[in-house]
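**Q** coords below, sequence missing:
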C-alpha cells in the first residue's frame, strides 16, 4: 500500500501553517510548500513564509529556494515536489503539503497537459502586441484563435489571455486542444488525504487585514525596496505577488502609506474570495472540509490520525 500524502489547504491567513506543524509532530511528518509565492527567495515577509522558529520545530521544504528572475510555473513546482515526496518516503517520513495554491495541488494529483515550453521570444511578442493594441483588441484576436479556452477564464485575466495567444502562435495548435491530450502525470495513483479549511469568510478577511499590518511592522517596505533594485521584468510571476505593485507605488510616491495598506488588504481579501470559489468548485476528492479555523479545532477531530 502506498504511503499517504497529506494536503493542508484553504484560503490565505486562515492559520494552516501552525496546524501543519502540530500534525507533523504527531505523524512523523515534514512540510512541503504548496504556495506559489512562498517559493521565492526575495519574498519572505509579504508571502508570510514560515519563521525561523517554525523551521526549527519541523523541517520545511521548497520555501524561498527560487530566484525571482525565473519564470517558475506549476509544472516546475510539481517536478520539485515529487522529488521531495520521494526523498521523504525513502526516509520513512510523511509528506505534508501546506498552502493555498489550489492549482498546484490539483496539478500534482491529476497531472498537466503536455504543452511544449513557450520560448521567451513568443512571450515578448505577446507582451508587445498586448501593450500596443490594448486589452479589448487583444481579447478579440484571442477569441478568434481559441474561443473555447476563453470561456474558462476571466476577461480581465491578462496573463491567461496572453498564454492562449502564445500557445497558438508557438505550436500552431489551440490551447483547448492541448488540454484534451493525455495528461503528464507526476504522482502515479497517489494515496492522499486533503484537509480543506473554508472558515467564516468575514473573520478570514479580518485576519487578512491584521496580517498585512504585521507585514509592514516586520519590514515589508524594505523587502520590496530591495526587490525593486533587482530591476526584474514586470511580467515575471514574482512581480504579481500581492503587495509588490502596491508597495512599489508607495515607494514611487504615487500613493500614501495608508492607501498602500488598504490596497494590499483589498487585493488579498479578493484573493481569499477566489480561493473559496476555486475550492468549492474543485473536483478533487476532499477527505474532510472544515468550516472552523485550524486553531479552533483539535487534530484528533479531523480523523487524520
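**A** Looks like it came in fine. This structure is a prediction, so every number in the text was calculated from the model and none was measured.
**Q** distance from stretch 155-164 to the middle of the chain?
**A** The chain centroid and the centroid of stretch 155-164 are separated by 17 Å, computed with CA atoms, centre = their mean, to the nearest Å.
**Q** state the mean pLDDT of it.
**A** Taken as a whole, stretch 155-164 carries a mean pLDDT of 87.
**Q** flag every buried residue along that stretch.
**A** For stretch 155-164, the buried set under the neighbour-count rule, 16 or more other CB atoms under 10 Å, comprises 158, 160-164. C-betas here are computed from N, CA, C, even on glycine.
**Q** can you pull the domain assignment for this structure?
**A** 5-113+184-302, 120-181 (automatic domain parsing).
**Q** before we move on, back to that, now, the buried residues of stretch 155-164 that are in strands?
**A** Secondary structure from DSSP state E places none of those in strands.
**Q** any chance of these in CSV, with distance to residue 227 too?
**A** Converted to CSV, the buried residues of stretch 155-164 look like this (distance: CB to CB, whole Å):
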residue, distance to residue 227
158, 21
160, 24
161, 26
162, 23
163, 24
164, 29
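**Q** now go through those residues and say which are in helices.
**A** Where those overlap with helices, as defined by DSSP state H, the overlap consists of 158, 160-164.
**Q** residue 294: which of the residues you listed is nearest?
**A** Closest to residue 294 out of those is residue 160 (30.8 Å), distances taken as CB to CB.
**Q** would you mind measuring from that closest one to residue 154?
**A** When distances are taken as CB to CB, to the nearest Å, residue 160 and residue 154 turn out to be 8 Å apart.
**Q** quick one, strands of this structure?
**A** Going by DSSP E, the chain shows strands at 5-9, 29-33, 60-61, 94-98, 112-113, 183-184, 192-197, 288-290.
**Q** beta-bridge partners for residue 289, please?
**A** Taking DSSP bridges, one obtains residue 196 as the residues bridged to residue 289.
**Q** surely it meets residue 280?
**A** No - the pair formed by residue 289 and residue 280 falls short of the contact definition of CB atoms under 8 Å, at 9.3 Å.
**Q** mind checking which of these two has more residues around it?
**A** Counted by other CB atoms under 10 Å, residue 289 and residue 280 do not tie: residue 289 has more neighbours, with 13 against 10.
**Q** distance check, that one against residue 282.
**A** According to CB to CB, residue 289 and residue 282 sit 10 Å apart.
**Q** could you list the low-pLDDT ranges of the chain?
**A** Scanning the chain for pLDDT under 70 picks out 1-2, 182.
**Q** and the helices in it?
**A** Using DSSP H, the helices of the chain run over 16-27, 52-57, 74-90, 102-110, 120-150, 158-171, 175-178, 201-217, 220-228, 244-251, 257-281.
**Q** not counting the shortest one itself, show me its contacts.
**A** This points to helix 175-178. When contacts are taken as CB atoms under 8 Å, 6 or more residues apart in numbering, the neighbours of helix 175-178 outside the stretch itself are 113-115, 146, 148-149, 163-164, 167-168, 171.
**Q** which two in those residues are spaced the farthest apart?
**A** Using CB to CB, the two most remote members of these are 114 and 148, lying 18.1 Å apart.
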